[in-house]
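Asks: the following block contains a protein sequence and its predicted model.
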Amino acid sequence: MLGHRGEASPGAGAAKGAGSVASVSRHHSRLLLTGVLLGLLGVAASLAQPRAIGELIEAAGRGTPMAGPAATLVGLFCAGALFSALQAYTIGRAGEDIVLDVRRLLVGRLLRADLTAFARQPQGDILTRTVTDTSLVRIALSQSLAQLIVSGATVVGGVVLMFLIDFWLMVITLSCLGTASIVSVVLARRLRRVALENRDDTGAFAADVQRVLSALPTVKASRAESREAARIGELAERTRRSGVRVSAYNALLMPSMNVGTQGALAVVVGVGMSWVARGEMDMASLTTFIMYLFQLVSPLVMFFMGVGQFVQGRAAVQRVDELARLPQEDPGPPGTVPSALPARLPPDEPAVEFRDVRFGYRRGREAERTQVLDGVSFRVPARGLTAVVGPSGAGKTTMFQLIERFHAADGGQVRLGGRDIGALPLDTVRTLVGYVQQDSAALRGTIRENLTYASPDADDAAIREAVELAGLTSVIARLPRGLDTELGDQGSGLSGGQRQRLCIARTLLQRPAVMLLDEATSNLDSDSERDFRAVLRQVSRRCAVIAIAHRISTVIDADGIVVLEEGRVRAVGVHHELMEHDQLYRRLAGSQLNAGPRPAGHTPRLRPVTSEEYR
């Protein structure tokens, strides 16, 4: 469950089946093991080749037929090539399967993440971890891991066979290779540290690019292009520096191993030839030993390349796992089917009720909370329009977020249809409550896809009704492809007011029991606002509508108005009551309407709700 005090508890993300890269890779262990087994069979074929070459040399020296040894050697070459190809395909497929499942895991957890925890993450860094780091996971868990096993088996098998050919010659070889291996291990450990630093620098760079591009009009209007370019260029330079260090350690890793193998080869050839000249070793044995040494060079290099790739991949795995551990939203009590619950709230209960609700934001884990709502209490009837007004920062949008259960209250109760909202399944809450955001979020895709986003099974008749109610009929009629017109990112292709009405239509199509409108008229002109007021009157006859409004004219005939100030309910009533009795409301309304209190005999267009009904 979400943390009782407004954020997910630390264990909420992990306890509810939080996946990890390791758990995902275990699902593909059979395919990975098959690839490793094929690689080991290829190793066996490769290790048998020098022995077959030695037998061919001995047959040539004795003058016996060489067809048998030659056929054996050709068969070993073909078997080695076949097993190597099968291993590469199998491991590659396993790697792609792992990346697919890791990305599915991450996307699923990001979409269900607790908003408080999600908001703390830089958005560009999230994108880098989801796209780039998951690709590096494939290298770490499939390619490099298999390479380490197969190359390691080749090295171990070659060393054992070389010991069997000549013990002392192998001791000399190991003395040369051992020093190079120690140096390579030290370099690999340092490589992992700088690789993790480079991934973090890349994430910071991506986050800043995303920050600027998402506010590009503001950047241009502020003439901040040069400053932002310099700032992002500095982050790019920091990423370059850590990337150069990664390249440097990678560059040192291979030569350090090559020096050891080349030195070993030179010593073995010199010592071995002197032993052959003295008759202490035959030429076939020396040739076989040297062939094994040649065979060790490539696997040793590949082994330490695999080490380098693996440690870089581990840095990516660590970052992906951190993202996968984001705390998750609480889905609510199990065993309840949302579709089986009523689509309407009980008419004799308030649609929404706040009972002494307190809430504050925490910007960091150890930071103190910034109090936003402090003892808020009011009631919203099951039908009609309720307006929420107040100065900026009064807590109006936060109140909506508590109703949608984006956050949990620190204290008190938010009730929906007479039930504590925390005791309802999350899907039920968001089926019953429709939300039109302040920034009118529209998505890339067609207008139809945007309209049916919350109601994918809606029929054409329902779509037409929602479009007409939102005043979009003439707008869509003028578009070349109507409802199938494509929109760009954030709904580009429509004006701000049209995007706003599109989002309202999408919420209407959901047929919610409670509709939340957060500054829904901010982009509407006076004519559109007048039409929208008519829409509100129609919609509020069949469900509860709660509207945040800076324009008092939009909600002047609301059934009830809640005035918020500094996180508290200052006053509740209808327009003419508040104009007469509340100074703050009179100031807010007077500055916009340039009018005094209405006559006492004035009756709003909809049935007024008294202050007592809201309390």
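Replies: Yep, it's here.

Asks: low-confidence ranges, the stretch 151-300 of the chain, go.
Replies: 214, 217-218, 221, 253-254, 257-258, 297-298 (pLDDT under 70).

Asks: all helices of it, in order?
Replies: Assigned helices in the stretch 151-300 of the chain, in chain order: 167-213, 216-221, 225-277, 283-324 (criterion: DSSP state H, counting those that start in this stretch).

Asks: please apply the same query to the stretch 1-150 of the chain.
Replies: Secondary structure of the stretch 1-150 of the chain (DSSP H, counting those that start in this stretch): helices at 12-15, 21-26, 29-62, 67-111, 115-119, 123-128, 134-138, 144-165.

Asks: any idea which of those gets closest to Asp356?
Replies: For those, the distance to Asp356 is smallest for helix 115-119, at 21.5 Å, taking Cβ to Cβ. (C-beta placed from N, C-alpha, C; glycine too.)

Asks: next, work out how far apart Asp356 and Ile290 are.
Replies: Using Cβ to Cβ, to the nearest Å, Asp356 is found at 86 Å from Ile290.

Asks: so these two - more neighbours on which side?
Replies: A count of neighbours by other Cβ atoms under 10 Å puts Ile290 above the other of Asp356 and Ile290, at 17 against 13.

Asks: that one reaches Val269, doesn't it?
Replies: Yes. With contact defined as Cβ atoms under 8 Å, Ile290 counts as touching Val269 (6.7 Å).

Asks: helices along the stretch 401-550 of the chain, start to end?
Replies: So, for the stretch 401-550 of the chain - with DSSP H, counting those that start in this stretch - the helices run 426-432, 447-451, 460-469, 473-478, 496-509, 526-539.

Asks: for those, which one ends up most surrounded?
Replies: Neighbour counts (mean count of other Cβ atoms under 10 Å) averaged over each of the helices of the stretch 401-550 of the chain peak at helix 496-509, with a mean of 23.

Asks: my guess is His28 meets Glu96, correct?
Replies: No. Using Cβ under 8 Å, His28 is not in contact with Glu96, being 9.9 Å away.

Asks: adding mean neighbour count and distance to Val433, write the helices of the stretch 1-150 of the chain out as TSV.
Replies: Below are the helices of the stretch 1-150 of the chain laid out as TSV (neighbours: other Cβ atoms under 10 Å; distance: least, Cβ to Cβ, whole Å):
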stretch	mean neighbour count	distance to Val433
helix 12-15	17	22
helix 21-26	18	34
helix 29-62	18	44
helix 67-111	17	18
helix 115-119	17	15
helix 123-128	20	26
helix 134-138	21	34
helix 144-165	20	47
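
Asks: any idea which of those gets closest to Gly590?
Replies: Closest to Gly590 of the helices of the stretch 1-150 of the chain, according to Cβ to Cβ: helix 115-119, at 36.5 Å.

Asks: for the closest one, C-alpha coordinates in PDB please.
Replies: In PDB, the C-alpha atoms belonging to helix 115-119 read as follows (Å, rounded to 0.1, in the frame of the first residue of the first chain):
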ATOM      1  CA  LEU A 115       4.200   9.800  -8.700                       C
ATOM      2  CA  THR A 116       6.000  11.200  -5.700                       C
ATOM      3  CA  ALA A 117       9.000   8.800  -6.200                       C
ATOM      4  CA  PHE A 118       8.800   9.200 -10.000                       C
ATOM      5  CA  ALA A 119       8.900  13.000  -9.900                       C
END
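
Asks: I'd like the mean pLDDT over that helix, please.
Replies: Mean per-residue pLDDT for helix 115-119: 78.

Asks: tell me how far that helix is from the chain's mean position?
Replies: Counting by Cα atoms, centre = their mean, to the nearest Å, helix 115-119 is centred 12 Å from the centre of its parent chain.

Asks: for Gly395, what are its contacts?
Replies: Taking Cβ atoms under 8 Å, 6 or more residues apart in numbering as the criterion, Gly395 is in contact with 359, 372-373, 376, 564, 567.

Asks: and for Arg383?
Replies: 347, 351, 540-544.

Asks: ok, back up a step: can you check which of the helices of the stretch 1-150 of the chain gets nearest to Arg506?
Replies: Closest to Arg506 of the helices of the stretch 1-150 of the chain, according to Cβ to Cβ: helix 67-111, at 18.0 Å.

Asks: Ile98 touches His28, doesn't it?
Replies: Yes. Between Ile98 and His28 there is a contact under Cβ under 8 Å: 5.5 Å.

Asks: save the helices of the stretch 1-150 of the chain as a markdown table, and put in distance to Thr473 too.
Replies: Converted to a markdown table, those look like this (distance: least, Cβ to Cβ, whole Å):
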| stretch | distance to Thr473 |
| --- | --- |
| helix 12-15 | 45 |
| helix 21-26 | 48 |
| helix 29-62 | 54 |
| helix 67-111 | 33 |
| helix 115-119 | 35 |
| helix 123-128 | 36 |
| helix 134-138 | 44 |
| helix 144-165 | 59 |
